[in-house]
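> okay, here's the prediction I keep looking at, along with the sequence it came from:
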Amino acid sequence: MDTECTKILFVDDEQTIADTLALIFSTRGYDTRVAYSAEEALELITAWLPDLAILDVVLSKMPGTDLAVLLTQKVPNCQILLLSGQVQTSDLLAETEKKGHTFALLAKPIHPTLLLSKALELLSGIKEN
């Protein structure tokens, strides 16, 4: 897979986490961008359309699950991967599933190798289409 053309958006209100994840992926050739809020992410996608968005579930003003739904509406080909280390995640996911949306979820903290593997798995599905 040609990673240079693959765009990945990281959204986490913990800046260190978002920046670190973006660095891990950019050193492997991916085109990465970071947003520290859902609002910032929505603004970013007006000019830059990601192939994959890796989102924290618990964001300050808008849950990552709501952002995931908006992203899939605005960028239909964008794959979504949710990350969470919070207990309330199951409630947010259940609410999102009731609305007809199901997203991949991994628990934080996550080893970079596992995250890269899951991202590649999600991206391989869209690159083959």
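Right, received. Where do you want to start?
> angles on the backbone of His111, please.
Backbone dihedrals for His111, given as degrees, to the nearest 10, come out at phi -70, psi 140.
> residues in contact with it?
If you count contacts by CB atoms under 8 Å, 6 or more residues apart in numbering, His111 has none. Where C-beta positions appear, they are placed from N, C-alpha and C, glycine not excepted.
> how about the one 3 residues further on?
Shown in contact with Leu114 (CB under 8 Å, 6+ apart): Leu106.
> helix/strand/coil for it?
helix (DSSP: H, G, I helix; E, B strand; the rest coil).
> Ala107 versus that one, what's the distance?
Using CB to CB, to the nearest Å, one gets 10 Å for the distance from Leu114 to Ala107.
> do a quick rundown of the helices in the chain.
Taking DSSP state H to define them, one finds helices in the chain at 15-26, 38-44, 64-74, 89-98, 112-127.
> can you lay out those helices as JSON lines showing distance to Cys5 and mean pLDDT?
Putting the helices of the chain into JSON lines (distance: least, CB to CB, whole Å; pLDDT from 0 to 100) gives the following:
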{"stretch": "helix 15-26", "distance to Cys5": "13", "mean pLDDT": "96"}
{"stretch": "helix 38-44", "distance to Cys5": "18", "mean pLDDT": "97"}
{"stretch": "helix 64-74", "distance to Cys5": "19", "mean pLDDT": "95"}
{"stretch": "helix 89-98", "distance to Cys5": "29", "mean pLDDT": "77"}
{"stretch": "helix 112-127", "distance to Cys5": "9", "mean pLDDT": "88"}
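> return the most buried member of the ones you listed.
helix 64-74 (a mean of 20; mean count of other CB atoms under 10 Å).
> if we can go back for a sec, between the helices of the chain, which one is nearest to Leu82?
helix 64-74 (5.8 Å; CB to CB).
> which strands and helices sit next to that closest one?
Using 3 or more CB pairs under 8 Å, 6 or more residues apart in numbering; DSSP states H and E, the elements in contact with helix 64-74 are helix 38-44, strand 52-56, strand 79-84, helix 89-98.
> and it, C-alpha only, in CSV?
Extracted in CSV, the C-alpha atoms of helix 64-74 (Å, rounded to 0.1, in the frame of the first residue of the first chain):
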residue,chain,number,x,y,z
GLY,A,64,-16.1,11.2,19.4
THR,A,65,-19.0,9.0,18.5
ASP,A,66,-21.0,12.0,17.3
LEU,A,67,-17.9,13.3,15.4
ALA,A,68,-17.5,9.9,13.8
VAL,A,69,-21.1,10.1,12.5
LEU,A,70,-20.5,13.6,11.1
LEU,A,71,-17.3,12.5,9.5
THR,A,72,-18.9,9.6,7.7
GLN,A,73,-21.6,11.9,6.5
LYS,A,74,-19.2,14.6,5.2
